[in-house]
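> need a structure here:
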Amino acid sequence: MKKKVAVLFGGQSTEHEVSRVSATSVLKNIDQNKYDIYPIGINKEGKWFEYTGNVDNIESGNWENDEFYKIPSGEKIIFNKEVDVVFPVLHGQFGEDGTIQGLCKLMNVPCVGPGVMSSAVCMDKIYTKYILEHAGIKQAPYVVVVNSEYNKNKLELINKIENHLTYPVFVKPANSGSSVGITKAHNSEELEKGIEEALKHDRKVLVEKGINAREVEVAVLGNDNPSASTPGEIIPAKEFYDYEAKYHNAASKLLIPAAFNDKDIELIRDLAVKIFKALDCAGMARVDFLVDKDTNEVYLNEVNTIPGFTSISMYPKMWDATGKPYKELISDLIELAIERNNR
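Numbering: from 1, shown residues only. Down below sits the predicted model:
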């Protein structure tokens, strides 16, 4: 019998639109000889619906406008068909942060990707840093800003940052993805503006020393014995790989494999697996690194537990370059979720 798979898309995060594009790609490539598919849309108000219309309407956002999307009396409904596994293609908060994973755990339904704890930790860039410091993973120097402290004494915090870090610095909301809310500051005026922009997205902000670095990513797949893909390198169209450069600027380039010698490639792959294990990840994660252009030192950038699955996304492209086609990758992720739940 074919397994029933619920594919969740949309959601309430700032990455709602990216999720729809990723989910469309997954739905078009999932092996329908092995799985019965149930697309479940979550709109920006948090209402859940089974969507049975044209998959192309998901990517465009028109799924909410056709006859297959019905809101009974405006009430919220939750998908209630019995399924064998949930595949959350939900980026950012309320999807990648342990919330969906916790719901699945309560229902004892296998869920693709890492579990509650690792999803929550990896979503929070600050707690990722705290844990990986103990694992001996090299990271850029940083300062944490909390909104209550910033509002109480803005100048003191900015002075603290400037005493600890040299410009340029990157300013990031602790919990966000797709580079939403991230800015690069070259002076105190830009730093203040960057912190205030980041605080629109989260109550905690991470300020990191900028490194003159190459941006390198590795796709990790597996449960207790994960493996790493060949690394890929990003050549951003802008000064750094922000939301616009990722999704709307065709001048951004993805190099797979990254231009490193064999020894450095193995070092980066091994480091990605070490990080995956240290954070107790399962199923999948994309581990992002910064490689200093001057010293060749490798620094952790961040970990994404539900990486992009669009046609231009690095995670499936890196596995394809490593010899695992997209359709096979999706099947592996579903089976890994079932395997982990059974244990």
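> could you give the bridge partners of residue 143?
residue 207 (DSSP bridges).
> you'd agree it is up against residue 207?
Yes. Counting by Cβ atoms under 8 Å, residue 143 touches residue 207, with 4.8 Å between them. (Glycine included, C-beta is placed from N, CA and C.)
> mutual contacts of those two, please.
Common neighbours of residue 143 and residue 207 (criterion: Cβ atoms under 8 Å, 6 or more residues apart in numbering): 161, 165.
> comparing those two, which shows the higher neighbour count?
Shown here are residue 143 and residue 207; by other Cβ atoms under 10 Å, residue 207 has more neighbours (25 against 18).
> tell me the contacts of the more buried one?
Here residue 207 is in contact with 142, 143, 144, 145, 161, 165, 169, 170, 171, 172, 191, 195 (Cβ under 8 Å, 6+ apart).
> what's the answer for residue 331, then?
Residues near residue 331 by Cβ under 8 Å, 6+ apart: 30, 31, 34, 35.
> take the residues you listed and keep only those in strands.
In strands, judged by DSSP state E, the following of those are found: residue 35.
> which ChimeraX command selects the buried ones in the contacts of residue 331?
Those of the contacts of residue 331 that count as buried under 16 or more other Cβ atoms under 10 Å are selected in ChimeraX with:
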select :30,35
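> just the contacts of residue 331 now: which is nearest residue 121?
Within the contacts of residue 331, proximity to residue 121 (Cβ to Cβ) peaks at residue 30, which comes in at 28.3 Å.
> so who does that closest one touch?
Contacts for residue 30 (Cβ under 8 Å, 6+ apart) come out as 5, 7, 37, 327, 330, 331.
> just to revisit the earlier point, go through the contacts of residue 207 and say which is closest to residue 60.
residue 172 (29.9 Å).
> residues in a beta bridge with that closest one, which ones?
The partner residues for residue 172, given DSSP bridges, come to residue 206.
> now, of the contacts of residue 30, which are buried?
Of the contacts of residue 30, these count as buried by 16+ other Cβ under 10 Å: 5, 7, 37, 330, 331.
> ok, the first one - contacts?
Under the criterion of Cβ under 8 Å, 6+ apart, the contact list for residue 5 reads 30, 35, 36, 37, 38, 83, 84, 85, 86, 87, 334.
> hmm, try it at 6 Å
Contact analysis of residue 5 by Cβ atoms under 6 Å, 6 or more residues apart in numbering lists 35, 37, 85, 87.
> among the contacts of residue 331, which two are most distant?
30 and 34 (8.3 Å).
> show me which of the contacts of residue 5 is closest to residue 287.
Among these, and counting by Cβ to Cβ, the member closest to residue 287 is residue 87, at 20.8 Å.
> tell me which element that closest one is part of?
strand 85-88 (DSSP states H and E).
> residues near the residue nearest to residue 203 when sequence neighbours are not counted, how many?
Once flanking residues are discounted, residue 203 sits nearest to residue 147: 4.6 Å by Cβ to Cβ, 6 or more residues apart in numbering. Using other Cβ under 10 Å, residue 147 has 15 neighbouring residues.
> what about the strands in the stretch 1-150 of the chain?
3-10, 35-42, 48-50, 85-88, 142-146 (DSSP state E, counting those that start in this stretch).
> residues in contact with the last one?
It refers to strand 142-146. By Cβ under 6 Å, 6+ apart, strand 142-146 touches 126, 157, 161, 164, 195, 204, 205, 206, 207, 208.
> which members of these are classed as buried?
Buried among the contacts of strand 142-146 by 16+ other Cβ under 10 Å: 126, 157, 161, 195, 204, 205, 206, 207, 208.
> shaky segments in the stretch 101-250 of the chain?
177-179, 237-250 (pLDDT under 70).
> now with 50, please.
Scanning the stretch 101-250 of the chain with the threshold set as pLDDT under 50 gives 241, 243, 245, 247-249.
> you'd agree residue 280 is up against residue 116?
No. Counting by Cβ atoms under 6 Å, residue 280 stays clear of residue 116, with 10.3 Å between them.
> between those two, who's got more neighbours?
A count of neighbours by other Cβ under 10 Å puts residue 116 above the other of residue 280 and residue 116, at 18 against 13.
> residue 337 versus that one, what's the distance?
As for residue 116, its distance to residue 337 is 14 Å (criterion: Cβ to Cβ, to the nearest Å).
> residue 24 too?
On the measure of Cβ to Cβ, residue 24 and residue 337 end up 21 Å apart.
> for residue 222, grab phi and psi.
phi 140, psi 180 (degrees, to the nearest 10).
> so what's it bridging to?
Beta-bridge partners, per DSSP bridges, of residue 222: residue 283.
> what about residue 141, how many residues nearby?
If we define neighbours as other Cβ under 10 Å, then residue 141 has 13 of them.
> which residues touch it?
165, 209.
> what about 8 Å?
Residue 141 touches 164, 165, 208, 209, counting by Cβ under 8 Å, 6+ apart.
> one more: residue 112?
Residue 112 neighbours (Cβ under 8 Å, 6+ apart): 85, 86, 87, 88, 283, 284, 333, 334, 336, 337.
> enumerate every residue touching the first one.
Just to be clear, that refers to residue 85. 3, 4, 5, 6, 109, 110, 111, 112, 334, 337, 338.
> can you pull out the helices in the stretch 151-300 of the chain?
Under the criterion DSSP state H, counting those that start in this stretch, the stretch 151-300 of the chain contains helices at 154-164, 188-198, 243-247, 262-278.
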